[in-house]
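Q: Please work out how this folds:
(chains A and B)
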Amino acid sequence: MTVRVRFAPSPTGYLHIGGARTALYNYLYSKSVGGTFVLRIEDTDLERSKSEFEKLQIEDLQWMGIIHDEGPDKPNPKYGPYRQSERLEIYSKYAQELIAKGLAFYDFCTDEELEAMKEKATAEGRDSHYDGKWKHAEHFAEAQTRVAAGERAAIRFKAPHKDFILNDKVKGSVTYPDGMVGDFVIVRSNGVPVYNYCCVVDDMLMEITHVIRGEDHLSNTVRQLMIYEALGAKVPEFAHVSLLIGADRQKLSKRHGATSVNLYREEHYLPEAMCNYLTLLGWSHPTEKDIFDKSELKEVFSLERFSTSPAMYDLEKLKWVNGQHIKKMSNDDLIALVSKEPGSEFFNKQTPAWKNSAVEILKQQVHFLSDIIKMIDHLVLQDTLEMTDQLKDILSWETTPKIIDYIHSEVSKITTEYITEAELNGWMEFVKKEMGVKGKPLFMGVRATLTGQDHGPDLKILIPLTPVSIIKKRVAQLKK
RNA sequence: GGUCCCAUCGUCUAGCCCGGUCUAGGACAUCGCCUUUUCACGGCGGUAACAGGGGUUCGAAUCCCCUUGGGACUACCA
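A: Next comes the predicted model:
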């Protein structure tokens, strides 16, 4: 039997980090067993669903490399359509079947009646389950005639009186005691079916074999179990993955800050880093490897390695993972990405050798792509000096003014755009041999003179990357 | 309130199912040292956890129960 999994977002907003993680787990599982990954759009909430969001969410998924095998844009005639709003007749057909079998019933109760029912139940200390007259068989005929006459009614499912047991791949055996849920609505009075019902009909018809989703669905799963049974459908395997939480240990939501994938895309996080980090939030690599690409997981991904407790979404570690992925990249790939960063105009004008050298030295110490541009601005293009205490200290050494004088005259002779490493070496040699300066005063003195800073990358690489015009300005300021 | 789920360093986690090899391992963060005549990278090391209480057992992070704490669900939302 081929494995079929699905990710079923509601197009009511941007793709959420938590959603991306579930999508990723489904994707990884399907790849690990050679199954099919289906994308289904759950847009039965007419008010909140917007087609733009569907498009945006798919874009975010694609950015992360979570590519679906089937979906609205890649339909398989056997299973489509893939938008619930386009499957209304299907749901209606099965709802009629359930009514015919006496497993569901039309309900004409008004909101007020329902409210009164609830209040009465709470007053009596009972669970506030549906208690209306329409569930009883003697009213079925009346209900049919009223509906035939065009009156609107919701359709409720008759919750069977028995325990349900779910063997969850992550949670293990979960028991839902009898009476946990009452007769619930499967089709609203406006004719639109609800999630718990559509989901089952779709999973059944789309032959979904494994449902991997957030733990927030765990309690509701009993409703779905009931419907599977009523429909006579085979129950898929369920894997309820623990939730992502914020620093306050509450379910991750907008108020925890950047929780939409598109924000990270805009900040140019590396998609592979994002996937890497998200994978590790609730799943562990069998060899405790912590930096990897999705493609390396085919052989090792399994449902057995999920953690059962919630995981806190922590930007610090994501930052580190992103940095690790930058280090892993080839210089050419990295150059291509850096060239698209805002503020990369100067970078883009440089020779391939310059870019390669710059990227090679800078990628060692950054966490984000934008850091590379920031560092170029700071290390290479900064032409006004900031008088830090450290710089003042270096300038106070008796050898430093002599170095400045010497380099000032040497630099003014340079007519090329860049200083070569050989020229720099020559200056170092001169200061060492002819001026008798060595050790820390030599290196720090030269560094301060040329960069105006007391620390930074290796001068032999940094200085040939810095335009002479910038260096001239720096030295001139120090000479005063 | 009710039902269900969860509980190892500050954080992500390994170990738990199949008790002993756990004076509890790794990673992020943090601190220190080494290396780099600077910074970073890297290397080495430190601080830091089995929520509490009862059992079962020769022996429990691992099995059972209770307590406590946290979370989810409890819609004609998904």
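
Q: for the stretch 51-200 of chain A, what spans make up the strands?
A: A:104-107, A:154-157, A:164-168, A:172-176, A:184-187 (DSSP state E, counting those that start in this stretch).

Q: quick one, which of the ones you listed is nearest to residue A:276?
A: Closest approach to residue A:276 among these is made by strand A:164-168 (26.0 Å; Cβ to Cβ). C-beta coordinates here come from the backbone N, C-alpha and C atoms, glycine included.

Q: Residues contacting that closest one, please?
A: A:173, A:174, A:175, A:176, A:218, A:221, A:222, A:225, A:226, A:238, A:239, A:240 (Cβ atoms under 8 Å, 6 or more residues apart in numbering).

Q: go with 6 Å
A: A:173, A:174, A:175, A:176, A:221, A:222, A:225, A:238, A:240 (Cβ atoms under 6 Å, 6 or more residues apart in numbering).

Q: What number of residues are in the vicinity of the third one?
A: Just to be clear, that refers to residue A:175. Around residue A:175 there are 10 other residues, counting by other Cβ atoms under 10 Å.

Q: quick one: it and residue A:377, what's the gap?
A: 61 Å (Cβ to Cβ, to the nearest Å).

Q: swap in residue A:313?
A: Residue A:313 is 31 Å from residue A:377, by Cβ to Cβ.

Q: cool, residue A:63 as well?
A: From residue A:63 to residue A:377 the distance is 27 Å (Cβ to Cβ).

Q: Then residue A:346?
A: The value you get for residue A:346 to residue A:377, if Cβ to Cβ is used, is 8 Å.

Q: for RNA strand B, what are the nearby residues on the stretch 251-400 of chain A?
A: Within reach of RNA strand B by Cβ under 7 Å from any atom of the strand, the stretch 251-400 of chain A has these residues: A:251, A:280-282, A:284, A:288, A:290, A:305, A:307-312, A:314, A:316-317, A:320, A:364-365.

Q: Contact distance from RNA strand B - what residues of the stretch 1-150 of chain A qualify?
A: Counting by Cβ under 7 Å from any atom of the strand, the stretch 1-150 of chain A sits next to RNA strand B at A:8-10, A:42, A:44-45, A:48, A:107, A:109-111, A:114, A:127-128.

Q: and stretch A:200-210, how far from the chain's centre?
A: 26 Å (Cα atoms, centre = their mean, to the nearest Å).

Q: what does it contact?
A: A:3-6, A:79, A:91, A:94, A:224, A:227-228, A:233, A:236-237.

Q: Kindly report the same for stretch A:274-284.
A: Contacts for stretch A:274-284 (Cβ under 6 Å, 6+ apart): A:21, A:24, A:64, A:241-242, A:264, A:294, A:305-307, A:311, A:318, A:321.

Q: what do you get for stretch A:74-93?
A: Stretch A:74-93 is contacted from outside by A:40, A:41, A:42, A:43, A:44, A:70, A:71, A:72, A:193, A:198, A:201, A:206, using Cβ under 6 Å, 6+ apart.

Q: Next: stretch A:431-438.
A: By Cβ under 6 Å, 6+ apart, stretch A:431-438 touches A:399, A:402, A:403, A:442.

Q: what about it and RNA strand B, any contact?
A: Yes: using Cβ under 7 Å from any atom of the strand, we find that stretch A:431-438 touches RNA strand B at residue A:438.

Q: Just the CA trace of that stretch, in CSV.
A: Backbone C-alpha positions of stretch A:431-438 (Å, rounded to 0.1, in the frame of the first residue of the first chain) are rendered in CSV as follows:
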residue,chain,number,x,y,z
VAL,A,431,58.0,49.3,9.6
LYS,A,432,59.6,46.3,11.2
LYS,A,433,63.1,46.6,9.7
GLU,A,434,63.6,50.2,9.2
MET,A,435,61.5,51.6,12.1
GLY,A,436,62.3,48.8,14.5
VAL,A,437,58.7,48.2,15.5
LYS,A,438,57.6,44.7,16.1
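
Q: list the buried ones in that stretch?
A: A:431, A:435, A:437 (16 or more other Cβ atoms under 10 Å).

Q: If we ignore the residues flanking it in sequence, what's nearest residue A:12?
A: Sequence neighbours aside, residue A:48 is the residue nearest to residue A:12 in space, at 4.1 Å (criterion: Cβ to Cβ, 6 or more residues apart in numbering).

Q: So residue A:203: helix, strand or coil?
A: At residue A:203 the chain is in helix, as set by DSSP: H, G, I helix; E, B strand; the rest coil.

Q: so how many other residues sit close to the residue lying closest to residue A:182 once chain neighbours are set aside?
A: Nearest in space to residue A:182, with sequence neighbours left out and distances taken as Cβ to Cβ, 6+ apart, is residue A:129 at 2.7 Å. Counted with other Cβ under 10 Å, residues neighbouring residue A:129 total 15.

Q: before we move on, what about residue A:354?
A: Residue A:354 has 15 neighbours, counted by other Cβ under 10 Å.

Q: what do you get for residue A:329?
A: Counted with other Cβ under 10 Å, residues neighbouring residue A:329 total 17.

Q: The closest residue to it other than its chain neighbours: neighbour count?
A: Closest residue to residue A:329 apart from its sequence neighbours, by Cβ to Cβ, 6+ apart: residue A:363 at 7.3 Å. Using other Cβ under 10 Å, residue A:363 has 19 neighbouring residues.

Q: go on, residue A:381?
A: Neighbour tally, residue A:381, other Cβ under 10 Å: 12.

Q: give the contact list for it.
A: Residue A:381 makes no contacts at all, as judged by Cβ under 6 Å, 6+ apart.

Q: Of all residues in the stretch 301-450 of chain A, which one is closest to RNA strand B?
A: Going by Cβ to the nearest atom of the strand, RNA strand B is nearest to residue A:365 of the stretch 301-450 of chain A, at 2.5 Å.

Q: Now do that residue: how many residues are near it, please.
A: 13.

Q: Equivalent analysis for residue A:177, please.
A: By other Cβ under 10 Å, 9 other residues sit near residue A:177.

Q: Break down the stretch 101-250 of chain A into its helices, ranges please.
A: Along the stretch 101-250 of chain A, the segments classed as helices by DSSP state H, counting those that start in this stretch run A:111-123, A:140-148, A:195-205, A:221-231.

Q: Same list (the contacts of stretch A:274-284) but as CSV, adding pLDDT, secondary structure and neighbour count.
A: CSV is the format used below for the contacts of stretch A:274-284 (pLDDT from 0 to 100; DSSP: H, G, I helix; E, B strand; the rest coil; neighbours: other Cβ atoms under 10 Å):
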residue, pLDDT, secondary structure, neighbour count
A:21, 96, helix, 26
A:24, 97, helix, 25
A:64, 96, coil, 22
A:241, 95, strand, 28
A:242, 94, coil, 20
A:264, 94, helix, 22
A:294, 93, helix, 19
A:305, 95, helix, 13
A:306, 95, strand, 18
A:307, 94, coil, 14
A:311, 94, strand, 18
A:318, 94, helix, 21
A:321, 95, helix, 24
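
Q: related to what we said a few turns ago, would you agree the residue nearest to residue A:329 is in contact with residue A:325?
A: No: judged on Cβ atoms under 6 Å, residue A:363 makes no contact with residue A:325 at a distance of 10.3 Å.

Q: how many other residues sit next to residue A:70?
A: A count of nearby residues for residue A:70, using other Cβ under 10 Å, gives 20.

Q: if we can go back for a sec, now for the contacts of stretch A:74-93, which pair is the farthest apart?
A: A:70 and A:193, at 21.5 Å, using Cβ to Cβ across the contacts of stretch A:74-93.
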